[in-house]
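J.: sequence? don't have it. structure:
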Ligand code: GAR
C-alpha cells in the first residue's frame, strides 16, 4: 500500500506541485490523502483541489491554546490515516505533541544548508538574504525530519547550489527552488520505499 501523506503548505506550493508532478510521472509512489493550509488564500489550496485531494484550512490562530490546536490536527490526521507529514513551505510551528507522535514521520524542506542560515525567523526569502549578506559562496537545500526545534531534526538529504557574484536574493531563490523541486521527492520516495533508517542524528540509507 502506498504511504499515506498529508501535505502542509502556507504559500504558492510549487514544491507541492513538483511532488504531484513526480507522482503523475510514476517516480513517487505515495498517496497524497490530505492537504492542510493555514492561509486560505494560498495557491497551494488550488493545487490540492485540482488533484482531488481533500483540503482543510486550519491555523494556530483559530484555537485558544496549543493543546486545542494539537488535538484538532491529530484528530484530522488520524481520521485520514496519515502516515507521513510533508511540509512544503509551511511557515507555522507544529504543536509539540504532534511532533512527538509523528517522530521521524514529518519531513521539511529548507532552502539553505542547515545548520547554517536556519532557525526561528530564517525561512523563505530571509534565508537567501542572509546567505548573500554573509557572503557565502555555497548554499543549497536541506530535507530533514522535524523535531521540536526550528530546522533541527536529522538530515535526510542535502544538495548544494553555488552563490554567484551577480546573485541577489531573488535570482538565488530561483536556482535553489529548482533544486528543491528536483530533490524533495527523492527523500520522500526513499522513506516510502522503507530505505531510510534513523540512528541518532544520522539518517542512513539502506540499499
Ligand atoms: C521553499 O523555498 C521552501 O524551501 C521554503 O519556502 C519556500 C516555499 O515555496 N520553506 C522554508 O523556508 C521552511 N523553513 P513553495 O510554496 O513555492 O513550495
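T.: All right, it came through fine. Just so you know, these numbers come straight off a predicted model, no measurement behind them.
J.: going forward, measure contacts and count neighbours with C-alpha atoms only.
T.: OK.
J.: these two touch, right, residue 138 and residue 167?
T.: No - with contact defined as Cα atoms under 8 Å, residue 138 does not reach residue 167; the gap is 11.7 Å.
J.: Name the residues of the chain found near the ligand, please.
T.: 11-16, 88-91, 109-111, 123-124, 177 (Cα under 6 Å from any ligand atom).
J.: Apply 8 Å and report the result again.
T.: Residues of the chain found near the ligand (Cα under 8 Å from any ligand atom) are 9-17, 44, 87-91, 108-112, 118, 122-125, 127, 141, 151, 173, 176-177, 180.
J.: In helices, which of these appear?
T.: If you go by DSSP state H, these have 14, 15, 16, 17, 44, 125, 127, 173, 176, 177, 180 in helices.
J.: so residue 190 touches residue 196, yeah?
T.: Yes - counting by Cα under 8 Å, residue 196 is a contact partner of residue 190 at 6.3 Å.
J.: So which residues of this protein form strands?
T.: Taking DSSP state E as the criterion, the chain carries its strands at 3-9, 30-37, 55-57, 84-87, 106-110, 138-145, 155-162, 196-199, 202-205.
J.: Neighbouring strands - and their directions - for the shortest one?
T.: Paired strands of strand 55-57, with direction, are strand 30-37 (parallel) (DSSP bridges).
J.: and the angle from the partner strand to strand 3-9?
T.: Orientation of strand 30-37 against strand 3-9 (axes from the mean of the first three to the mean of the last three Cα atoms, to 10 degrees) gives an angle of 30 degrees.
J.: any idea how far strand 30-37 is from the chain center?
T.: Offset of strand 30-37 from its chain centre (Cα atoms, centre = their mean, to the nearest Å): 12 Å.
J.: buried ones in it?
T.: In terms of neighbour count (16 or more other Cα atoms under 10 Å), strand 30-37 has its buried residues at 30, 31, 32, 33, 34, 35, 36, 37.
J.: Could you give the bridge partners of residue 86?
T.: residue 7, residue 107.
J.: any low-confidence regions in the protein?
T.: Low-confidence segments of the chain, defined by pLDDT under 70: none present.
J.: returning to that earlier point: list just the nearest of the buried residues of strand 30-37 to the ligand.
T.: The shortest approach to the ligand among the buried residues of strand 30-37 belongs to residue 37, at 10.9 Å (Cα to the nearest ligand atom).
J.: And the closest one, how close does it get to residue 44?
T.: Distance, residue 37 to residue 44, by Cα to Cα, to the nearest Å: 8 Å.
J.: Are there residues contacting both of the two? Which ones?
T.: 9, 10 (Cα atoms under 8 Å, 6 or more residues apart in numbering).
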